[in-house]
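*Asks:* Provided below are the primary sequence and the corresponding predicted coordinates.
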Amino acid sequence: MTSALDARLFWLSFWTYLAAFLLFSVYAAVRKRGVGVTATAAFLAAFALHTAGLAARWIVTAHPPFSTMYEYAVTVSWAVALSFIVVMARFRRMALGVVVSPVLLVVLVIASLLPKEASKQLMPALQSYWFYIHVTLAACAEGAFIVAAGAGIIYLLRRGPGTGERDILPSRDLLEEIISRSLRIGYPLFTIGALFAGAIWAQYAWGRFWSWDPKETGSLVLWLYYTLVLHQNVRGAWRGKTLAVLSIVGLAIALVSFLGNLFLGGLHSYV
Amino acid sequence: MNEKRAAARGNFISNRLAVIVIAVLFGASLAGWIATEIVPPDFPERGDYFREAWGSAAVKLVAVLHLYDPFHSFWYRFVLALFFAVLLLCTASRWRQLSLKSWRVQLPAVSGDPGSKRLSFEFSWRLLEGGDRGARDPVAHFAERYGRAESLGADALRGRFARIAAMFRKRGYRVVSRESAEGIAFAASTGRLRSPGTMLFHAGLLAITIGGVIGSYGGWREMVFVKEGSAVPFPRDGSLTLHVDDFDILTTERREIRSFVSTVSVTDARGVAVAIGDVEVNHPLRVGSRRIYQSEFTIDENEFARARVEYSLRGSGARGSLELSPAEPAAIGDGTITVTALRYFPDFRMGREGAFSASSLPSNPALEIEVASSGEKERGWLFLYHRDFGKRFTAPVDLVLARCEPVYYTGLEVSANPGAGVLLAGFAAATLGLLLMYACNPRIVKGFARPGAIVVAAGEHRWKASFEREFADLREAIRKETGNGGGPS
Ligand code: HEM
């Protein structure tokens, strides 16, 4: 059964995000504050529709929207939008929308390609609190990694360090701070949610903490990758441009490990 | 000075070592991940096929490197062991340092060179008073920019310092100070729980690794299939018996599967129950140090417990129902018609070879029966959910399947994991550590107030840009509290 309401809300939010993206692009080009404010308003409206769509899905299926890849992708994009709104509120840089909104659109397009059937009934193995903790935290972590990568892209796009005052794009220092903060929000969420809660859930569901299935291995690789990046970063290495590039590479690994189970199979082969 | 250098070098080496082992483990895991995508796990059984497809050199490489199961290969184990050793070494060597020193802030000397003292915040210290030491310290940019002297009259020193301390406290800093003849040395710090957090996190990882190793060498798992209503010896414990009283597939009204439940009891040699309960997916049953998990189930298609068939006799219109047991004829009415149940398929399908069951799930339950009437025998299928498709027999009776209970064999996995406790403790410690590490943003401002000058310098751990803003703000506040235009001297 596909619920008409939630699908319609998602499409509406998709088009509104697209409108916001176009407005952000115009804003980046003409640098008129009014356009930026309109773009931000469109983004907030799209986020409200997105939230309503998730709520509708939750009500229709009677379980939180994580049980299929489609639901998960929509939840991750919601986490990205939320992180972006937090970053924007904190740093007041509307131009970040030029990069974040297309990233969001890509995640939503990926979601739209996935099967959307809503099932009221979760697979028995998915009926566990640990599963909800696992997926919520992992989705938020991926949202934070996506924001880091978005800031990384702007970092590479911006020419010169920039004062960040008259420039429309944030200064490099600020971008680096956004990357660093996002990684340091994403990393603990990922560690606790994707790895620890995932392992505990697997122990309840299958009687083993870890099975080396491709998705688990993918998360381990991703985790080791970010561990390495943070460890170097805390030593004072891998900062600035390197950090920006690494945050983008991290997202690429995350995407492979997320989409991996579409063709890799294994325990996580729910679609 | 030498001591500090040696310590700094030790620190640098161990941090670099950490980065190296993490990088090596990352590379090995990535390689293993890719290998599992290329080489199927049944590679060893299909050697001939792959020799033909890939050539013998590639097959040999796969075999030697165990690439069909890379995470249990010697090289991956070696890398894990290396990682473990370095983590153990680092955590053990840092334990003392962090636990003893993380709570104490060292105060700068009011005169002289405070940089010569070893500081517990190795990474964060920004030097006092700029100068050439500041320039040599790669992280001393704050001092270069801001850490200059600000003037203050001698008489008001104590009062003014009290105001500064109050200002810091209001902003969530903890302030310690020491007064001497020369002036007041102070340190204001916040977010200092980060250090124990880091320690806890690394120790937690260590515990997780240890728990994992104990589990993989000391643990076991065994699958048993038990027919409903029967018992088997408990795996690896001859003194116990595992009984399965019942197995149910719970479904919703819309026939979606909700859960699988086995009603289980375990008895000892005297027949006394040591564990009784339902085993359900996500809800294992604990038997001492072992646990029983609901893992699978299966049925035997020639077996079922009971079936109920409703009949209506054509002609007389008499109706009734029959309870059928496998292969036992049941008579209708005066006994001229008998019905015998033959086979039960839970998920009936038609294929090229005839009927079969596509799965053990009761998606389309069907019962094959034989109807005997006046010496004639006929076979046909009845369907629980699709009654209209049921066989219309030439014998003058219409039959529909009303209920059928197959005999299930529940697949239970019994396992013991002696590492689970250590592993869970590790998860808990690492989680707490992570929360402390990332909730705390350690900043420290050190300085001294002398008649004639207040000197401050500060260190942060992560976000240079935002701490620069905060530090500028703090300087302004200090200036205001001291009622002094000040300015770098
Ligand atoms: C092997 C020896 C290791 C040493 C000597 C070491 C040392 C350190 C040190 C000194 C810090 C900085 C702490 C601080 O400034 O408060 C740190 C942070 C960290 N370490 Fe390690 N570590 C080691 C291994 C590992 C391993 C194996 C992992 C994970 C797999 C790991 C994960 C982390 C993380 C996530 C941080 C936090 C980085 C940040 O601030 O964002 N460490 N480690």
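*Replies:* On my side now, so go ahead. Numbering: from 1, shown residues only, chains lettered A, B, ... in the order given.
*Asks:* quick one: the helices in the stretch 51-200 of chain B, in order.
*Replies:* Secondary structure of the stretch 51-200 of chain B (DSSP state H, counting those that start in this stretch): helices at B:56-65, B:74-101, B:131-136, B:141-145, B:157-170, B:194-218.
*Asks:* can those go into a markdown table with extra columns for mean neighbour count, mean pLDDT and distance to chain A?
*Replies:* C-betas here are computed from N, CA, C, even on glycine. Conversion of the helices of the stretch 51-200 of chain B to a markdown table gives the following (neighbours: other CB atoms under 10 Å in any protein chain shown; pLDDT from 0 to 100; distance: least, CB to the nearest CB, whole Å):
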| stretch | mean neighbour count | mean pLDDT | distance to chain A |
| --- | --- | --- | --- |
| helix B:56-65 | 14 | 88 | 16 |
| helix B:74-101 | 15 | 81 | 10 |
| helix B:131-136 | 14 | 37 | 15 |
| helix B:141-145 | 19 | 39 | 12 |
| helix B:157-170 | 16 | 85 | 22 |
| helix B:194-218 | 20 | 90 | 7 |
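*Asks:* nearest to B:Val19, out of those helices?
*Replies:* Nearest to B:Val19 among the helices of the stretch 51-200 of chain B is helix B:74-101 (10.1 Å), distances taken as CB to CB.
*Asks:* quick one: that closest one to helix B:56-65, angle?
*Replies:* Orientation check (axes from the mean of the first three to the mean of the last three CA atoms, to 10 degrees): helix B:74-101 against helix B:56-65 gives 40 degrees.
*Asks:* does helix B:74-101 come close to the ligand?
*Replies:* Yes: counting by CB under 6 Å from any ligand atom, the ligand is contacted by helix B:74-101 at B:86-87, B:90.
*Asks:* and that helix, what does it pack against?
*Replies:* Taking 3 or more CB pairs under 8 Å, 6 or more residues apart in numbering or on different chains; DSSP states H and E as the contact definition, the neighbouring helices and strands of helix B:74-101 are helix B:2-38, helix B:194-218.
*Asks:* okay, the angle between that helix and helix B:194-218?
*Replies:* Here helix B:74-101 runs at 150 degrees with respect to helix B:194-218, directions being taken by the same axes, to 10 degrees.
*Asks:* same list (the residues of helix B:74-101 next to the ligand) but as JSON lines, adding distance to B:Ser195.
*Replies:* Below are those laid out as JSON lines (distance: CB to CB, whole Å):
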{"residue": "B:Val86", "distance to B:Ser195": "20"}
{"residue": "B:Leu87", "distance to B:Ser195": "17"}
{"residue": "B:Cys90", "distance to B:Ser195": "14"}
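*Asks:* just to revisit the earlier point, figure out which of the helices and strands packed on helix B:74-101 is closest to the ligand.
*Replies:* Distance to the ligand, taken as CB to the nearest ligand atom, is lowest for helix B:2-38 among the helices and strands packed on helix B:74-101, at 3.1 Å.
*Asks:* tell me the mean pLDDT over that closest one?
*Replies:* With pLDDT averaged residue by residue, helix B:2-38 scores 77.
*Asks:* likewise stretch B:230-245?
*Replies:* For stretch B:230-245, the mean pLDDT works out to 90.
*Asks:* now swap in stretch B:375-384 and tell me
*Replies:* Averaged over stretch B:375-384, pLDDT sits at 91.
*Asks:* and that stretch, C-alpha only, in PDB?
*Replies:* Below are the C-alpha coordinates for stretch B:375-384, written out as PDB (Å, rounded to 0.1, in the frame of the first residue of the first chain):
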ATOM      1  CA  GLY B 375     -15.300 -47.500  -4.300                       C
ATOM      2  CA  GLU B 376     -14.100 -44.500  -6.400                       C
ATOM      3  CA  LYS B 377     -11.100 -42.500  -5.100                       C
ATOM      4  CA  GLU B 378     -10.300 -38.900  -6.100                       C
ATOM      5  CA  ARG B 379      -7.600 -36.500  -5.100                       C
ATOM      6  CA  GLY B 380      -7.700 -32.800  -5.000                       C
ATOM      7  CA  TRP B 381      -6.600 -29.600  -3.200                       C
ATOM      8  CA  LEU B 382      -8.500 -27.300  -0.900                       C
ATOM      9  CA  PHE B 383      -7.300 -23.800  -0.200                       C
ATOM     10  CA  LEU B 384      -7.700 -21.900   3.100                       C
END
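*Asks:* what's around the residue of the stretch 101-250 of chain B at minimum distance from chain A, how many residues?
*Replies:* When distances are taken as CB to the nearest CB, the stretch 101-250 of chain B reaches nearest to chain A at B:Arg221, 6.5 Å away. By the other CB atoms under 10 Å in any protein chain shown criterion, the neighbourhood of B:Arg221 contains 17 residues.
*Asks:* in three-state terms, label it for me.
*Replies:* Look at B:Arg221: counting by DSSP: H, G, I helix; E, B strand; the rest coil, its state is strand.
*Asks:* which residue, neighbours along the chain excluded, lies closest to it?
*Replies:* Nearest in space to B:Arg221, with sequence neighbours left out and distances taken as CB to CB, 6 or more residues apart in numbering or on different chains, is B:Ser415 at 3.8 Å.
*Asks:* equivalent analysis for A:Val103, please.
*Replies:* Spatial nearest neighbour of A:Val103, excluding adjacent residues (CB to CB, 6+ apart): A:Gly150 at 5.2 Å.
*Asks:* tell me which element that neighbour falls in.
*Replies:* Following DSSP states H and E, one finds A:Gly150 within helix A:129-157.
*Asks:* excluding its backbone neighbours, what's nearest the residue in chain A sticking out farthest from the centre?
*Replies:* Among the C-alpha atoms of chain A, the one farthest from their average position, using CA atoms, centre = their mean, is that of A:Gly207, at 30.1 Å. Counting by CB to CB, 6+ apart, B:Tyr293 is the residue found nearest to A:Gly207 once chain neighbours are left out, at 4.0 Å.
*Asks:* may I have the beta-bridge partners of that neighbour?
*Replies:* According to DSSP bridges, the partner residues bridging B:Tyr293 are B:Glu413.
*Asks:* what about it, neighbour count?
*Replies:* In terms of burial, B:Tyr293 registers 26 neighbours under the definition other CB under 10 Å.
*Asks:* show me what contacts it?
*Replies:* With CB atoms under 8 Å, 6 or more residues apart in numbering or on different chains as the criterion, the residues that contact B:Tyr293 are A:206-207, B:279, B:284, B:412-415.
*Asks:* quick one: which of the residues you listed is most hemmed in?
*Replies:* Busiest of the contacts of B:Tyr293 [other CB under 10 Å] is B:Leu412, holding 27 neighbours.
*Asks:* how far away is it from the ligand?
*Replies:* Spatial separation of B:Leu412 from the ligand under the definition CB to the nearest ligand atom, to the nearest Å is 35 Å.
*Asks:* per-residue confidence at that residue?
*Replies:* According to the model, B:Leu412 carries a pLDDT of 90.
*Asks:* tell me, how many residues neighbour the residue nearest to A:Val103?
*Replies:* Quick note: A:Gly150 (other CB under 10 Å) scores 30 neighbours.
*Asks:* thinking it is in contact with A:Gly97, fair?
*Replies:* No: counting by CB atoms under 8 Å, A:Gly150 does not reach A:Gly97; the two are 9.6 Å apart.
*Asks:* overlap of the contact sets of these two?
*Replies:* The contact sets of A:Gly150 and A:Gly97 overlap at A:Phe84 (CB under 8 Å, 6+ apart).
*Asks:* the ligand contacts on the stretch 151-300 of chain B?
*Replies:* Taking CB under 6 Å from any ligand atom as the criterion, the neighbours of the ligand within the stretch 151-300 of chain B are B:194-195, B:198, B:202, B:205.
*Asks:* report the beta-bridge partners for B:Phe383.
*Replies:* Under DSSP bridges, the beta-bridge partners of B:Phe383 are B:Ala366.
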